[in-house]
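Student: let me see the structure of the following:
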Amino acid sequence: MSRSYEIVFHRMIPQSGYPARMRLYCQCMFPLPMRLANSVLLYLGFALLVCRINDWTVDLISGWSALAIWNLLALAFILRLMDELKDRDIDKRLFADRPVPSGAVFESDIRLTLAGVTGMYIAINLMSLSTEWIAVASLAYAYLMFAYFFIPRLLRRYLLLNLATHNLSVPLFLIMVTALVAAQHHAALKSMARGETLLAVGMFWSLVLAWELSRKIRSREEENEYVTYSQIFGRVPAVFITLAVQSVAAWLGLRFALMYQFAPVAVVILGVGYAAVFFAAIRFIVAPSPRTSRLRPFSEAYTVLVFLAIIVDHALRTIGV
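Tutor: This next block holds a predicted model:
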């Protein structure tokens, strides 16, 4: 059992109640405080950039902001719960210490929670009669992913095809946030600066895509039957592909920084984030090992720093610095 799961299990006595089991599940697989913080940062970074592009005033404390953050959090939770059901067979073989494969949390708990969160998501979004279409479309796409787009054998066999279909959820979710921001400003999507807004979607999408790639890159000693991008492409090409995607985000970030005259400290934050992933990639190429193969934390840090750069720039402009 991994150390992180072991700590949680040792803190818990055997529980038979659904709330206790799901609390244990969230501690291990979906820590709500951290996930909520991620949703808030993603919303703030993206919404502030969209507002800057379209020259809109920013009102971060509003029902629209709360709805966008809730949607991002709920969809992330729904996808996580779906993964528990989709990956149950391989998890039993390779990740037997996780809550569901270990029996600490029941599969029925996951199904019940999935139904509950889905119902709440639909009910809350139906209160907004102007953006419910994109919210429902985002949820529908998540359920298509759950069904492997009705071609499960093909998608399970080819990781790249699975990535291509599943990762399209990211721009769809970002367009949903865009629609909520536009609705807050009583603006039609067709009236926006669509080219620049789509580039903003592309920048944030590339950050998530790079994270997805980086979490499935391993050193030779770590490889097993779990299919990784380092198996498909080879270790070095997989690292360079991930770095190339991160470089797209860096180029777009610099483009926006120059175009909208970001504060120097915000530009430095962007540079530090890219330097971190560049360092991690080169280190793993030069000295491959199970320790240096951990590219995911660097990708996550880079993503957070991009969000923070946009937020810091907005904060400095607000106080007139």
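Student: got the buried residues for stretch 88-100?
Tutor: 91, 98-100 (16 or more other Cβ atoms under 10 Å). For every residue, glycine as well, the C-beta is placed using N, CA and C.
Student: looking at those residues, which are in helices?
Tutor: 91, 99-100 (DSSP state H).
Student: now distance to Ala244 too, for those, in CSV please.
Tutor: CSV is the format used below for those (distance: Cβ to Cβ, whole Å):
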residue, distance to Ala244
Asp91, 31
Pro99, 36
Val100, 35
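Student: now render those residues as a markdown table, adding distance to Met192 and pLDDT.
Tutor: As requested, those are exported to a markdown table (distance: Cβ to Cβ, whole Å; pLDDT from 0 to 100):
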| residue | distance to Met192 | pLDDT |
| --- | --- | --- |
| Asp91 | 42 | 89 |
| Pro99 | 43 | 94 |
| Val100 | 42 | 94 |
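Student: against which helices or strands is whatever helix or strand Leu270 lives in packed?
Tutor: Per DSSP states H and E: Leu270 is located in helix 264-286. The helices and strands touching helix 264-286, judged by 3 or more Cβ pairs under 8 Å, 6 or more residues apart in numbering; DSSP states H and E, are helix 235-259, helix 296-318.
Student: of all those, which one is nearest Arg215?
Tutor: helix 296-318 (4.4 Å; Cβ to Cβ).
Student: elements contacting that closest one?
Tutor: Going by 3+ Cβ pairs under 8 Å, 6+ apart, helix 296-318 lies up against helix 32-54, helix 194-214, helix 235-259, helix 264-286.
Student: for Ala96, helix, strand, or coil?
Tutor: Using DSSP: H, G, I helix; E, B strand; the rest coil, the structure places Ala96 in coil.
Student: for Ala135, find the nearest of the helices and strands packed on helix 296-318.
Tutor: Ala135 sits nearest to helix 32-54 of all those, at 14.3 Å, using Cβ to Cβ.
Student: what sits up against the closest one?
Tutor: Residues from elsewhere that reach helix 32-54 (Cβ atoms under 8 Å, 6 or more residues apart in numbering): 26, 56-58, 60, 65, 68-69, 72-73, 76-77, 174, 177-178, 181, 185, 187, 192-193, 196-197, 200, 204, 256, 260, 304, 306-308, 310-311, 314.
Student: what's downstream of it, the next helix or strand?
Tutor: Assigned by DSSP H and E, the successor of helix 32-54 is helix 63-86.
Student: against which helices or strands is that next one packed?
Tutor: helix 32-54, helix 107-125, helix 132-146, helix 169-184.
Student: nearest to Tyr158, out of these?
Tutor: helix 132-146 (15.0 Å).
Student: what pLDDT does the model give the residue nearest to the spatial centre of the chain?
Tutor: Nearest to the geometric centre of the chain sits Val208, at 5.6 Å (Cα atoms, centre = their mean). pLDDT recorded at Val208 is 97.
Student: what separates it from Pro264, distance-wise?
Tutor: Computed as Cβ to Cβ, to the nearest Å, the Val208 to Pro264 distance reads 27 Å.
Student: count the neighbours of Glu225 for me.
Tutor: 8 (other Cβ atoms under 10 Å).
Student: from what I can see it touches Arg93, true?
Tutor: Yes. Between Glu225 and Arg93 there is a contact at 7.4 Å, judged by Cβ atoms under 8 Å.
Student: any low-confidence regions in the stretch 51-200 of the chain?
Tutor: The stretch 51-200 of the chain contains no residues with pLDDT under 70.
Student: swap the cut-off to 80 and go again
Tutor: 58, 128-129, 188-191 (pLDDT under 80).
Student: list the contacts for Glu222?
Tutor: Here Glu222 is in contact with 290, 293 (Cβ under 8 Å, 6+ apart).
Student: next: Gly63.
Tutor: If you count contacts by Cβ under 8 Å, 6+ apart, then Gly63 has nothing around it.
Student: give me whichever of the helices and strands packed on helix 63-86 is most buried.
Tutor: Burial of the helices and strands packed on helix 63-86 is given as mean neighbour count (mean count of other Cβ atoms under 10 Å); helix 169-184 ranks first at a mean of 22.
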